[in-house]
Each structure stands twice: as C-alpha cells, then as structure tokens.
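**Q** output the structure for:
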Amino acid sequence: MLFLKNCRYIDWQSFDITETNLILEEGPGGALMFADELPEITESDTVYDCGGRFVTKSFGCGHHHIYSTFARGMPAPKKTPTKFTEILEYVWWHLDKCLDAETIEASALGAAAVCARNGVTMVIDHHSSPNAPENSLGVIKEAFDRVGVSTLLCLELSDRDGEKAREAGLEEHERFLNSGGQGHIGLHASFTVGDDLLKRAVAMAEKFDTGVHVHVAEGLADQEECLKHHGKRVVERFRDMGVTELKKSVFSHCVHLDDNEKRIIRDSGIWVAENIESNQNNNVGLADYGSITDNVMLGTDGMHSDMIRSAKAAFISGQPAEGVGMDTAYDRFRNIHRYIESSGFEGDASNNLVILDYNSPTELRPDNFLGHFFFGLETSHVLSVVSGGRLIVKDRKLTTVDEEELFAQTSEAAKKLWERMSR
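**A** Purely as a prediction, here's the structure:
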C-alpha cells in the first residue's frame, strides 16, 4: 500500500478540498481511500508525507506522437516547407523513416520520463516508423511501463510508403493486440489511406473491440484530396466505411469540417482530440470544437508532454476562436479520463495522482480553483506523481529509472537519428 499523509485533496470534478490522509492500492484498477488516521504501517508499505500540499488527479494526453521526442533541436529540413503537406513531407515523414528499434526505444523512454515529471500518467499515442514497424508498439509499451506511465497505443497505417510498410504495420497491430496490448488501429489521414486499407483497419478494430485513431482534416489538403478521389468529404467517407460506428474511435485535429461532418461526429458519439498549439505551429487554422461535440479531449500532437500548457493554450486561443471559457477548457483537459473510463480501457483509475507544491499569494478555494489552474498553476509545481498506486516521481526525481543514465542514452540515440536524417 501507498499512504499519503497530510493532504489537501482536490476533487478533480467538483473542486471540493478535503484535508485528509490517502490510502492507495497498487495496480491498474487500484482504489483510492480516505482516512482520518492511518492504519498500522508494515514494512511493505510506503508512506509519503505531503506536508499539507494539494493532491489531485494526475493528467493524461489524448493525442501524442512519442516518436517526435528527438525533434527537439534536430537538423533543419533540406528544403524549407511552404505549406502543410510539405511540413509533413520534409519534416515528419523524413524523421519517421529514419527511426529504428534503438531510437524508437530511446525516444519512448525520453517521452515517458518527461510525461511522468509533468504529472502525465496516461498517454494515447499515435506512432509512426514505416521502416521499422516490427514490435514498435511493444517497445514503446515496455519503455513506458518501465517508467510507470500507462499507454493506449497504435501505429500510423498509410499507403504512402508502399505495400511492404502497410502490411508490416497491419501485422504489428495484430501482434500487439493479440498479445494483450491496449491500443487502437492507427491511420495517418484519409488522403494517404486507400479504400482497401481503410476497410481492413475497420475490420481489425471490430475484431479487437477497439476504435480507429486517425488524423482528420488537419489541413485543407485532406478535404481536397478526398473530394477529388472519393467525391465526398473526409468524415463522410469515414462514416460510409464504418469508422464512426466504432465508438472508441478518436478523430484528431478536425480543423476543416463542414456542418454535416460535425453533425456526423456529434451523432456518432466518438471523440475528438484537440491539438491547438500544433495547429497554430503548422498554420492550418483554428477550429470551433464546441460546434462539433462535447466529447473533446486535449492532446499535444507530439510538440511537448505538458498538459497544463495544452490546457492554457486551449483556453487562450479558444476564446477568440470559439468563445471558450475556463470551465470548457478544463473539461477538455479532463475529458481523457471520461474517454478512458467509458471505453473500458485501463491505467487511469483513481490511484493516479499529482502532489502539487503550489504556494499562492491568494487563497485557493473550490469557487476560484479554475482561476488558479489557468493563471497560477504550472508544471513546475508538480512535486511528486503517483501512477497506478506507485510513487513514480518523488520530490521531482523519477524513482523507477536513473534519470541521468536515461537521458545519456536518449542523447546518444538522438545524435544517431540526426546523423541519418542529415545524409
């Protein structure tokens, strides 16, 4: 058991604050219990004194690209992109083709470590390594398990890299999900996915009782190509091919949708992942997510692993784009928990917590919590992190791995990747 003494527990939904001690069971579905007094402690128990600090539910990322970990400081593309499709071609598709087993593992370890230190204990990832798909999902899962962060994984299927990469990607999903891995069926975007691959992805998702995780209308080119080759818009195509019947599906981005596409998504009950900083960085536009659905959760699209930062960006940029208030932005920040629970996935139970070293010049109360969250709280306030009932970050240091060793490994792997990218 893990015992957290002397807490001020903030309920992540009601914002009620309770002075208490917490008892946490270990495991993916472990319970969280409140106690006025701690029971007798045994040698196998761990006790952590929170010193009156705030404790609340940890965070989750609804759409990540773990493979982009080594993009930080990487060489500039050989040609400067002038539009979104060129950003894909000269930056991201160039990077993912250069990944191998070593750099996939190292990038996953690096991402997991940063997620953990930022209080992120659940990550929905959309991986891509067309030249090294074999066991890639297993490698990522093992790396995140080693650090102590839960995952929901998929591999980005596409026809853009030819038959061999496509078939190997399908085989990797089959292998990973058959072995008990927790995941989606991943697709890049409609404009790189032919009808045969789309049908096979839907059939595989049905077989494993999961959803399709796909980029949707991130750039206008996705809609233009869909209209040109299929005579319909992206979400209409996905509806006609059965994707929207899969209730666990995640549509990421959804920037360029018309009213009918929004209605299809809303009526289907599937989820949308908002990645507002990435959309701004790629200059693809801002969406009115409130007009699509209430089922919106926040992701980073691989730009970083800081979900508090993502929430603030969703609020600040969402005000002029769609009139978002703090309550709506916070709901989107927390909607990943609702998605995971409603879809029956594991790894995000109540025994996932952050301990915040947050000293404010003004009082934090339930009625002003949102003001503190958006204008006071930072990732730097994350002192310790509990994942699955285990203390994986203690006083800003990882407990599960040696940080210095880990980042030495990732730094060397990044150099090898950058060298391949420069050839």
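**Q** wait, doesn't residue 246 sit right on residue 203?
**A** No: with contact defined as C-beta atoms under 8 Å, residue 246 does not count as touching residue 203 (10.7 Å). Where C-beta positions appear, they are placed from N, C-alpha and C, glycine not excepted.
**Q** compare those two and say which is more crowded by neighbours.
**A** Shown here are residue 246 and residue 203; by other C-beta atoms under 10 Å, residue 246 has more neighbours (21 against 12).
**Q** for the stretch 51-200 of the chain, what spans make up the strands?
**A** Secondary structure of the stretch 51-200 of the chain, counting by DSSP state E, counting those that start in this stretch: strands at 54-57, 59-64, 120-125, 150-152, 185-189.
**Q** alpha carbons of stretch 395-414, as CSV, please.
**A** Once non-C-alpha atoms are left out, stretch 395-414 reads as follows in CSV (Å, rounded to 0.1, in the frame of the first residue of the first chain):
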residue,chain,number,x,y,z
ASP,A,395,10.3,15.3,-4.9
ARG,A,396,10.8,16.0,-8.6
LYS,A,397,13.0,12.9,-9.2
LEU,A,398,12.0,9.7,-11.0
THR,A,399,12.0,6.7,-8.7
THR,A,400,11.7,4.0,-11.4
VAL,A,401,14.7,4.8,-13.6
ASP,A,402,18.0,6.6,-13.3
GLU,A,403,17.4,9.9,-15.0
GLU,A,404,21.0,10.7,-15.7
GLU,A,405,21.5,7.3,-17.3
LEU,A,406,18.3,7.5,-19.2
PHE,A,407,19.0,11.0,-20.7
ALA,A,408,22.5,10.0,-21.6
GLN,A,409,21.0,7.1,-23.6
THR,A,410,18.4,9.3,-25.3
SER,A,411,21.0,11.9,-26.2
GLU,A,412,23.3,9.4,-27.9
ALA,A,413,20.3,7.9,-29.8
ALA,A,414,19.2,11.3,-30.9
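**Q** what does it contact?
**A** Outside stretch 395-414, the residues that touch it by C-beta atoms under 8 Å, 6 or more residues apart in numbering are 69-70, 73-74, 102-103, 105-107, 109-110, 113, 116-117, 146-148, 382-384, 390-393.
**Q** recalculate using a threshold of 6 Å.
**A** 70, 102, 103, 106, 109, 110, 113, 147, 148, 391, 392 (C-beta atoms under 6 Å, 6 or more residues apart in numbering).
**Q** quick one: residue 420 from residue 99, how far?
**A** From residue 420 across to residue 99, the span is 9 Å (C-beta to C-beta, to the nearest Å).
**Q** out of the two, which sits in the busier spot?
**A** Between residue 420 and residue 99, counting by other C-beta under 10 Å, residue 99 is the more crowded of the two (24 against 15).
**Q** got a list of what that one touches?
**A** 129, 132.
**Q** for it, what are phi and psi?
**A** phi -70, psi 140 (degrees, to the nearest 10).
**Q** then residue 275?
**A** Residue torsions, per degrees, to the nearest 10, at residue 275 are phi -130, psi 70.
**Q** just checking, it touches residue 301?
**A** Yes: contact criterion C-beta atoms under 6 Å: residue 275 and residue 301 qualify, at 3.8 Å.
**Q** pairing partners for the strand or helix carrying residue 20, with directions?
**A** If you go by DSSP states H and E, residue 20 is part of strand 17-24. Paired neighbours of strand 17-24 in the sheet (DSSP bridges): strand 2-10 (antiparallel), strand 32-35 (antiparallel).
**Q** pLDDT on the shortest one, on average?
**A** The predicted model gives strand 32-35 an average pLDDT of 95.
**Q** before we move on, the earlier item: between the contacts of stretch 395-414, identify the one with the most neighbours.
**A** The most crowded member of the contacts of stretch 395-414 is residue 113, carrying 27 neighbours; neighbours defined as other C-beta under 10 Å.
**Q** can you map out the helices along the stretch 301-423 of the chain?
**A** Under the criterion DSSP state H, counting those that start in this stretch, the stretch 301-423 of the chain contains helices at 307-322, 326-343, 369-375, 403-422.
**Q** picking up where we left off before, from the contacts of stretch 395-414, which single one is nearest residue 359?
**A** Residue 359 has its nearest neighbour among those in residue 391, at 21.6 Å by C-beta to C-beta.
**Q** ok, now which ones touch residue 127?
**A** Neighbouring residues of residue 127 by C-beta under 6 Å, 6+ apart: 67, 155.
**Q** what bridges to it?
**A** Here residue 127, judged by DSSP bridges, has bridge partners residue 155.
**Q** residue 25 versus that one, what's the distance?
**A** From residue 127 over to residue 25 (counting by C-beta to C-beta), the distance is 31 Å.
**Q** and residue 402, how many neighbours?
**A** Count around residue 402 with other C-beta under 10 Å applied: 11.
**Q** so how far is residue 147 from it?
**A** Residue 402 is 11 Å from residue 147, by C-beta to C-beta.
**Q** how about residue 48?
**A** 18 Å.
**Q** count the neighbours of residue 418 for me.
**A** 17.
**Q** done for today, thanks.
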